[in-house]
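1. here you go, sequence then predicted model.
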Amino acid sequence: MLLIECPHCGPRDENEFHYGGQAGIAYPTGEVTDAEWAAYVFLRDNPKGWFRERWFHVHGCRTWFAAERHTVTHEIRTLP
Amino acid sequence: MRFTFDGRELHGEPGDTLAAALLRNGVRVVGHSVDLGRPRGVFSAGSEEPNALVRVGADPMLAATTVELYDGLEAWSLRGKGRVSLDDVDERRCDKGYLHCDVLVVGGGPAGLAAASAAGRAGARVILVDEQPRLGGDLLNSRLLLDGAPALDWVDALDLPGRVLTRTTAVGYYDHNYVVAVERRERGDRLWHLRARRVVLATGAHERSLAFPGNDRPGVMLASAARTYANRYGVRPGSRAVVLACADSGYEAARDLRASGVEVAAIVDPRPEGLEPGTLAGHVVTGTTADTEGVLTGVFVRDLAGRDDRLIEADLLAVAGGWNPAVHLFSQSQGRVTFDGHLQAFVPDVPAQAQRSAGACRGLYGTREAIADGHAAGAEAAALALGTTVAADGFRVPGCDEPALRPPAALWHVESTSPEPAFADLHRDVTVADLARATGAGMRSVEHVKRYTTAGTGADQGKTSGAVVVGVMSALLGAVPGQVGTTTFRPPYTPVPFATLAGRDRGALSDPVRTTAMHDSHVARGAVFEDVGQWKRPRYFPLDGESMEAAVLRECRAARTSVAAMDASTLGKIDIRGADAGEFLDRVYTNMFSTLAVGACRYGLLCRADGMVFDDGTTTRLADDRYLMTTTTGNAAAVLDWLEEWRQTEWPGLDVSFTSVTDHWATVVVAGPRARQVVAAVAPDAVDLAFMRYAPADVLGVPGRVFRISFSGELAYEVNVPWAYGRALWEAVLELGGVPYGTETMHVLRAEKGFAIVGQETDGTVTPHDLGMSWIVSPRKPDFVGKRSYSRPDTARTDRKRLVGLLPDDPAFLVEEGAQLVNAGGPMLGHVTSSYASDVLGRTFALALAREVAPGDRLTAVSGGAAHGVTVVDPVFYDKENARRDGDPLEGAPPPYAGEVRAESPAAAFAARFERAGGQAVTLREVPFEPMWEVRGDDPGVGLRLGPSWWLVTGDATPRPGWVDVSGQRTVLELSGPSAEDVLITGCPLDLHPSVFPGHAQTLLGRTSVVLERREPGRYRVYVRSSFARYLAEWLLDAIDAL
């Protein structure tokens, strides 16, 4: 059970959150090719190491926020 | 104390373990091994026991060394493994609890006690857990003097702060210092979820054996265990002993055995020099002899050169093979272990979490050094947790007369010509020969050997055997143990029953059940329920023993020919407001909502970015800047989360906010050509509403909302009242002639009209076009979520599966949902998604997703072994012209409903039970109704802040524009009394300590979301969604009962 630092509520157990996948994937605007659109919809990084990802404090303040998690050690650091 | 073993009546002493009591009665054979069926006796004195496994009551397999004796205990021997008896009813009531601390100390031996004491002195919140019934660790088993007095006097004189949990085994160490521990209680285990800023592991060490022929006989025992039985329990584990002292602790055991009256026939030490005169130094044990029952009668001893070979008569062989630090929890926490050549053991190396090992679990076996190390670890942990520096606290390490320990013999296996097997793992009957077979077959990894031989996979998880397996393997492979390494240590450290993990989440509390305001009415009418998400929804309402088929046909007939009513309260309802609400809806729906007129309703589809249908429902414009969205029952929470995601992460500039009002409103669908007659009596102002129009209306004298929406094709109204009046409305509608119908009838009616159901016709791979709903995908809007995906090659191809209707050849044959559709020997073309018998069609029909088919095509529906011919038709089976949606004109002027209209609070039915459950320790009540609003945007200056720009205002306030009335959305329960927190910690993961808890929070309680508010010390309010109120009331009553 990870302990995740919600920027508003402080540290809470992982089961109060929904996982939101990789952070920083912008919604494409304007003309995009099929490949670019498919990359937006389907492709995500899967690094060994620090990973920027989104969390949703679903059972708390209902805020989406980004945090960095180390995919090997599960260390978490909140991003500004 | 009287107890029985295999039906024999025996007597033990208070404080005995079952193992001690069995030895006290001379029981040597406790069970038989799992594979070879060899007789086995007590081998250890703790949770590492591989042999003495017993069944006690409903517990199918326990180590006798861990069972505390009680009067009347009935134990049965096992052959290696237990079996769950389904006839045994376990009356125990397990529970769980969440605790938080600055410093968690695991282990109550010398190091752990010193650590807990130091951390407490430094001002930290401390929790100390220990497996034994009383603190002391190995001091309980020894004759050691501290400062010249019995060691336990030192233990008793310690002032231990915080919470001390004895009989509590830490079984799992997870991410971010989350430790799970099991407390054994007579009434049922308690699973503790412990979250600590710092952890001090003081888990001690396990003595190990070594592999020699016949090392499994009853009478062969760890030296530390023999000493424990002699010292702690006053039980002589034998009358004449041989001590195999690979480590110096064997000599201590020999001294203690002598002191308790056991004759020590020989001390055998493989090392060149003994510590006592007469020691058989440079000798090893090469085998054992046994009597007809298999119990030890003699020990073969030989010097390492092979000259002196003798048999020593003995009924006890105490083996001191050396010590293994208990690195299990350290390793579970992802810390790395390393092999210490001096100690001949794996010790903690690099920790991975905010944690430190102290004492014997990192190889410091001396009592004084363990105490000093524990004290330093506790003081350091407190300082790190509190952000202070370590200060002198006047602690003094007690004096004691301990010799320095020499390194143990690096001996894992004794070669011999004996035909007797030499066991590496007693529990799993794995021998040295088995290990040799594994390495001979080419295995080099200890993980592979474990899986091939099963060594280390028993209930004891190889606590006494792991080191032996590694030692033997390294010898076989010509390596050193450090190169072979250990297998992964996984939780749980000791076996945990499923009942313990389940705790109180069993039976009706295993998953929350959501109920509507009308639930008791449905129950009283004999409704048959189905689960939709967590909701209980009436599936149909049988009359006089009707079958489902008959009931559904009758309910459908009522809806198509007269008037019927359904409880639709479970549909998700989201209040959407803000200047940009219309713009936002345009971006998430496939069709247009910003142009919707105030008072109008429109059906919409939500798709994911991949273009697949995610949810559907009608959305109504309540005002210029205000909409009400409805969602499917099962997806309500997911849709609300989805909207928040887009608003917060993609379009933070839009002025729009979302408030769930699902539980605030109770909804009754009144459907059928004669629906006007009913609506005229309950909501006369709304009777003339046009199709797809909405009006706020007085309903039974209460401010309500009426929508003219139809999911059946018939004239239909969705009548909404605040939760408290839901039951009154339902009863009124039925009294006025509405025939109650359930979800099954709803499904048939909509399928007759060819309306898809999300989750039934769709499965995450279906686009609006696939459903034949291209008309709902706006070509005019610049963008909406999913739009771009419709021009992707895969979604744009023309041979995708489409929604079609099917008519079975036999009009009485019901095709199975899920049946595969094939075309005479060709490939699979699709599958049946819905299939029903229709009253109005007078036959069966089905909906399906199929590719490359057209009306008139003949297909075969195949399911199981059956095949049935079907004809493809248009998916709209009934009233293609939509001629029925305006129903019959009003006849006469129905008088307003004259029955009683009573408000009922969601927890009203619990009042008496709350009253009865109350006592000195804790009381529970439902707080009388108070208006409530959710407020977004600027701080209203009152109420509870729920999140950024989000407040809940309760009670005596004057609502301002923009406040959303949620008075019925939540029910407020108040828990007060000195034990209120004891109740809450069984289900709330938050730290409620006054220094941490901010006064209120949104969090989880039991298995549901709540707002928890501390009104004053010992008085809490729990705001729970009204549909969860019954669940939470039952949960709280159960928690109080379990106190």
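-> The structure has been received and is ready for your questions.

2. please enumerate the strands of chain A.
-> A:3-6, A:10-13, A:18-22, A:50-56, A:64-70, A:76-78 (DSSP state E).

3. out of the ones you listed, which comes closest to B:Gly947?
-> Comparing the strands of chain A by their distance to B:Gly947 (C-beta to C-beta), the top pick is strand A:3-6, with 9.5 Å. Just so you know, the C-beta spots here come from the backbone N, C-alpha and C atoms, and that holds for glycine as well.

4. in that closest one, what counts as buried?
-> Within strand A:3-6, the residues that qualify as buried are A:Leu3, A:Ile4, A:Cys6, counting by 16 or more other C-beta atoms under 10 Å in any protein chain shown.

5. picking that back up, nearest to B:Asp615, of the strands of chain A?
-> With C-beta to C-beta as the measure, strand A:18-22 is the member of the strands of chain A nearest B:Asp615 (16.5 Å).

6. now that closest one and strand A:64-70, what's the angle there?
-> Compare the direction of strand A:18-22 with that of strand A:64-70 by axes from the mean of the first three to the mean of the last three C-alpha atoms, to 10 degrees and you get 70 degrees.

7. residue contacts, the residue lying closest to B:Ser331 once chain neighbours are set aside?
-> Nearest residue to B:Ser331, sequence neighbours excluded (C-beta to C-beta, 6 or more residues apart in numbering or on different chains): B:Phe489, at 3.8 Å. The contact partners of B:Phe489, by C-beta atoms under 8 Å, 6 or more residues apart in numbering or on different chains, come to B:Val327, B:His328, B:Ser331, B:Gln332, B:Gln461.

8. which one of those is nearest to chain A?
-> Proximity of the contacts of B:Phe489 to chain A (C-beta to the nearest C-beta) peaks at B:Gln332, which lies at 13.2 Å.

9. thinking again about what came up before, separation between the residue nearest to B:Ser331 and chain A?
-> Computed as C-beta to the nearest C-beta, to the nearest Å, the B:Phe489 to chain A distance reads 17 Å.

10. now render the contacts of B:Phe489 as TSV, adding neighbour count.
-> Conversion of the contacts of B:Phe489 to TSV gives the following (neighbours: other C-beta atoms under 10 Å in any protein chain shown):
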residue	neighbour count
B:Val327	27
B:His328	26
B:Ser331	20
B:Gln332	22
B:Gln461	22
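
11. keep only those of those that are in helices.
-> Judged by DSSP state H, those include B:His328, B:Ser331, B:Gln332 as members of helices.

12. show me the contacts for the second one.
-> Residues in contact with B:Ser331 (C-beta under 8 Å, 6+ apart) are B:Val337, B:Thr486, B:Thr488, B:Phe489.

13. restricted to buried residues, select those residues in PyMOL.
-> Once 16+ other C-beta under 10 Å is used to decide burial, the buried members of those can be selected in PyMOL as follows:
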select buried, chain B and resi 337+486+489
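
14. biggest separation within the contacts of B:Ser331, which pair?
-> Farthest apart among the contacts of B:Ser331 by C-beta to C-beta are B:Val337 and B:Thr488. That separation is 10.7 Å.

15. can you tell me which residues in chain A are near chain B?
-> For chain A, the residues found near chain B under the criterion C-beta under 8 Å from any C-beta of the partner chain are A:1-3, A:8-9, A:12-13, A:15-16, A:18, A:20, A:27-29, A:32, A:34, A:37-38, A:40-42, A:54, A:56-64, A:73-74, A:76.

16. which of these are buried?
-> With burial judged by 16+ other C-beta under 10 Å, the buried subset of the residues of chain A next to chain B is A:2-3, A:9, A:12-13, A:16, A:18, A:20, A:28, A:37-38, A:40-41, A:54, A:56-64, A:74, A:76.

17. need the residues of chain B near chain A, please.
-> So far as C-beta under 8 Å from any C-beta goes, chain B lies against chain A at B:174-178, B:193, B:195, B:334, B:352, B:609-610, B:641, B:644-645, B:648-650, B:783, B:788-789, B:791-793, B:946-948, B:950, B:989-990, B:1001-1004, B:1009.

18. so which of the residues you listed are in strands?
-> Judged by DSSP E, the residues of chain B next to chain A include B:Tyr174, B:Tyr178, B:His193, B:Arg195, B:Leu946, B:Gly947, B:Trp950, B:Ala1001, B:Gln1002, B:Thr1003, B:Leu1004, B:Ser1009 as members of strands.

19. in CSV, list the residues you listed along with neighbour count and pLDDT.
-> Rendered in CSV, the data for those read as follows (neighbours: other C-beta atoms under 10 Å in any protein chain shown; pLDDT from 0 to 100):
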residue, neighbour count, pLDDT
B:Tyr174, 19, 97
B:Tyr178, 20, 98
B:His193, 19, 98
B:Arg195, 21, 98
B:Leu946, 22, 97
B:Gly947, 16, 95
B:Trp950, 20, 97
B:Ala1001, 22, 97
B:Gln1002, 25, 97
B:Thr1003, 19, 97
B:Leu1004, 19, 97
B:Ser1009, 18, 96
